[in-house]
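# I need the structure of the sequence given here:
(4 chains)
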Protein chains: 2
Amino acid sequence: MTDKATHNDTIPEEALALGQQLCFAVYSAAHAFNRAYKPLLDRFGLTYPQYLVLLALWQQDEMTVKRIGEEIGLDSGTLSPLLKRLEVAGYVARQRDPGDERQVIVRLTEKGRGLKREAFGILMDIGKASGCSLDEAGEIRETLHQLTRQLNSGHSAD
Amino acid sequence: MTDKATHNDTIPEEALALGQQLCFAVYSAAHAFNRAYKPLLDRFGLTYPQYLVLLALWQQDEMTVKRIGEEIGLDSGTLSPLLKRLEVAGYVARQRDPGDERQVIVRLTEKGRGLKREAFGILMDIGKASGCSLDEAGEIRETLHQLTRQLNSGHSAD
DNA sequence: CAAAATTAATTTGCGCACAATTGAATTTCG
DNA sequence: CGAAATTCAATTGTGCGCAAATTAATTTTG
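Numbering: from 1, shown residues only, chains lettered A, B, ... in the order given. This next block holds a predicted model:
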């Protein structure tokens, strides 16, 4: 097949096929994960991005909106309404930083902290559903991290 | 399956860290691709999912909405408005199948077909931005396809 | 010190994603 | 045949994701 040079001027017609494209593989895998998570998270009334925020907070409680956004790669336009929903659901509390009233500090409630134990169950269910060992998962993860870093490096100084 | 490292009662605390999770790596990579594509597709007034539909149609013109949905993994709830926007933009035409009035046949316009040549440029730009060779890309792609298949086998599809 | 620039979060608007519902056309089968 | 079930597309409602505009607080600077 087309196992040739890194920069080949003669890219074949087939390269346009969906199944041949790395980006589509990533896109599909992301949706597949979302679908796999959905039934597990529905029990807690959570969406996947909301779950990501909780993961971040379980790792490091009391973060500003901006800090959370840096952790999971979302801007405040996405996070503001999302955090409001997490607050209504009773998992987090939001409070203006008295030291800098521009910032809002997000912290876990007791209920939010309590969810952490159950999250291990979700983690293991997903691990099983993905059908790969921790080693395999780690390998793919690192490869994707590198890919993500590479992609993100190309658009700040453009 | 059974055993494996997946079934480990002593999963460490760190396993909950965002950076440790395969799903998050996939999620981030998908967003990174989206961001990389955006400036390239903006020139044509296209979004990434719209570009996927065109990729599918360049491969095989004249498909029903359902068929397109099977190709890229989207349902009619997403595709109906998306296709209407592609039609307004002049890239595709939609027409009820005279032989089966339930179906709508989507076909490329001249403008839509003409875009195919330019798409090779996008493809190469993305290839360069991803910073990996065709070989590497193919490897990751196959791994992700397998992962996606495994995740999707978890429910409906059987 | 006050004006200007910067920063943080919210809001608004558009489009994707998906579940659930609707409506019309077709197929099945009693 | 005709009623019921099925299929396909479109619609509705909720939430994510991002850009751009807004508002308020803080920092810079002139």
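# and the gap between A:Y37 and DNA strand D?
Distance, A:Y37 to DNA strand D, by CB to the nearest atom of the strand, to the nearest Å: 12 Å. No exception for glycine: its C-beta is placed from N, CA and C like everyone else's.
# what helix or strand is that residue on?
Here A:Y37 sits within helix A:22-42, counting by DSSP states H and E.
# now the angle from that helix to helix B:22-42?
130 degrees (axes from the mean of the first three to the mean of the last three CA atoms, to 10 degrees).
# how about helix A:22-42, does it get close to chain B?
Yes - interface with chain B: helix A:22-42 contributes A:22-33, A:35-37, A:39 (CB under 8 Å from any CB of the partner chain).
# Scan these and report the most crowded one.
Counting neighbours by other CB atoms under 10 Å in any protein chain shown, A:A29 leads the residues of helix A:22-42 next to chain B with 31 neighbours.
# Show the contacting residues for that residue.
Contact analysis of A:A29 by CB atoms under 8 Å, 6 or more residues apart in numbering or on different chains lists B:26, B:30, B:144, B:147-148, B:151.
# ok, A:I140 touching A:S133?
No - using CB atoms under 8 Å, A:I140 makes no contact with A:S133, being 10.8 Å away.
# And the two? Which one has more around it.
A:I140 (21 against 14).
# Now do the helix or strand hosting that one against helix A:22-42, angle only.
Using DSSP H and E, A:I140 sits in helix A:134-153. Angle of helix A:134-153 versus helix A:22-42, following the same axes, to 10 degrees, is 120 degrees.
# and helix A:134-153, what does it pack onto?
Where contact means 3 or more CB pairs under 8 Å, 6 or more residues apart in numbering or on different chains; DSSP states H and E, helix A:134-153 is packed against helix A:110-130, helix B:22-42, helix B:110-130, helix B:134-152.
# Check the offset of it from the chain's centre.
How far helix A:134-153 lies from its chain's middle: 13 Å, per CA atoms, centre = their mean, to the nearest Å.
# If you count neighbours, what's buried in that helix?
Of the residues in helix A:134-153, A:134, A:136-137, A:140-141, A:143-144, A:147-148, A:150-152 count as buried by neighbour count, 16 or more other CB atoms under 10 Å in any protein chain shown.
# What separation do you get for A:A89 and A:Q60?
Taking CB to CB, to the nearest Å as the measure, A:A89 falls 20 Å from A:Q60.
# Which of the two has more residues huddled nearby?
Comparing A:A89 with A:Q60 by other CB under 10 Å, the one with more neighbours is A:A89, at 15 against 11.
# quick check, A:Q95 in a strand?
Yes - A:Q95: assigned to a strand according to DSSP: H, G, I helix; E, B strand; the rest coil.
# if I pick it, what's in contact with it?
Shown in contact with A:Q95 (CB under 8 Å, 6+ apart): A:104-105, A:107.
# No further questions, thank you.
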